[in-house]
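# sequence first, predicted model second:
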Amino acid sequence: SFGFGLAVLAFQKGDVDWVGIPGIHDTGEISFIAPAMAFSIIVGLGLDYDVFLISRILEFRRGGGHTHESSITEGLAATGGIITAAGLIMAVAFGSLMFSSTPALVQWSFMLTVAVLMDTFVIRTMVVPILMGYTGKYTWWPQKLPDDVVEEESEESENTEPPLERESGDNDEENEAIMA
């Protein structure tokens, strides 16, 4: 919807004429076919990115050793580069069509480019993780996932072996030679 609203500002109101791209100017109207075509592609791309992200988060969650929040963080980190690269590639491909002389094609590519960039940098990186964090275990309904296991480790359990004590004078000359 942001992409459609921005298209109205660009093509009906002329608010982005300052960009200087020949096709993006106040035309007074938006072609009837551009939003219809853009909508189906935007939904497909958005679902593709989000299914990829959420399936990776679910892998970390089921794999054990990850709490709900840490699986979201790990999933986002694991897919971030791939989804960002794919989004940038799609944005460049769609954005190149804005230099066309056909107004409907320019409007269509404008809507797609804005939507892909929004999905890549806002929806995937902020909205999806925030919503998943708020919904907690209900994110995965109707599946039943294992409860979060929080391991409390004390300093004693981390270090079961006593530290090795170094006698003074032991290898001091070697250490000074290495440091120099």
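Happy to help now that I have it. Bear in mind the structure is a predicted one, so any value in this text is a computation, not a measurement.

# dump the residue contacts of the nearest residue to E74 once chain neighbours are set aside.
Nearest residue to E74, sequence neighbours excluded (CB to CB, 6 or more residues apart in numbering): F60, at 4.6 Å. The C-beta positions use only the backbone N, C-alpha and C, and glycine is treated the same way. Listed by CB atoms under 8 Å, 6 or more residues apart in numbering, the contact set of F60 reads H66, S70, S71, E74, G75, A78.

# which stretches of the chain form helices?
Assigned helices in the chain, in chain order: 2-11, 33-62, 68-96, 103-118, 128-135, 155-158, 172-179 (criterion: DSSP state H).

# quick one: these as CSV, columns for mean pLDDT too.
Formatted as CSV, these follow (pLDDT from 0 to 100):
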stretch, mean pLDDT
helix 2-11, 81
helix 33-62, 88
helix 68-96, 92
helix 103-118, 91
helix 128-135, 92
helix 155-158, 48
helix 172-179, 53
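
# in CSV, list the ones you listed along with distance to T27.
Formatted as CSV, the helices of the chain follow (distance: least, CB to CB, whole Å):
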stretch, distance to T27
helix 2-11, 5
helix 33-62, 11
helix 68-96, 18
helix 103-118, 6
helix 128-135, 34
helix 155-158, 66
helix 172-179, 72
